[in-house]
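**Q** Here's my sequence, what's the structure:
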Amino acid sequence: MTDEEQLEWYEAEAEKAYAALYDATHANDIIARYSNAKEGFHSAIAIAYLLGRSEEAQRLEARLAHVRAVFRSQFG
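**A** Now for the predicted structure:
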């Protein structure tokens with residue numbers, strides 16, 4: 001898998017984990033899915049910076065901040 005493919009994969013996995021938060025019924029599931037979303041975004045951000053794609057990294061950082069804010073307001 002190329003770095004670009006990894007970046008896309010990590011972002012997609014992060015978004016899936018974020019979407020799955022709303023289907024979770026137990027606190028442990030919510031926490032695990034939030035953790036998976038954060039890990040995916042962090043990995044995608046790191047790869048974006050590695051590739052010199054700072055605008056994309058900043059977009060992903062903003063998305064992570066949004067996910068964090070939603071988690072804290074709705075699940076925290």
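**Q** In whichever helix in the chain runs longest, which residues are buried?
**A** Counting residues, the longest helix in the chain under DSSP state H turns out to be helix 27-50. The neighbour-count check on helix 27-50 (16 or more other CB atoms under 10 Å) flags 30, 33-34, 36-38, 40-41, 43-45, 47-48 as buried. Just so you know, the C-beta spots here come from the backbone N, C-alpha and C atoms, and that holds for glycine as well.
**Q** Packing partners of the helix or strand hosting Ser73?
**A** Applying DSSP states H and E as the criterion places Ser73 in helix 54-74. Applying 3 or more CB pairs under 8 Å, 6 or more residues apart in numbering; DSSP states H and E, we find helix 54-74 packed against helix 3-20, helix 27-50.
**Q** Now do the same for the first one: mean pLDDT, whole number.
**A** For helix 3-20, mean pLDDT is 97.
**Q** helix/strand/coil for Gly52?
**A** coil (DSSP: H, G, I helix; E, B strand; the rest coil).
**Q** Check the burial of it by counting its neighbours.
**A** 8 (other CB atoms under 10 Å).
**Q** so what pLDDT did it get?
**A** Gly52 is assigned a pLDDT of 98 by the prediction.
**Q** for Val67, same thing?
**A** On the pLDDT scale, Val67 gets 97.
**Q** Tell me how far it lies from Tyr10.
**A** 14 Å (CB to CB, to the nearest Å).
**Q** For these two, list the residues in contact with both.
**A** Phe41 (CB atoms under 8 Å, 6 or more residues apart in numbering).
**Q** which ones are touching Cys75?
**A** Quick fix: residue 75 is Phe, not Cys. With CB under 8 Å, 6+ apart, Phe75 has these contacts: Leu21, Ile30, Tyr34.
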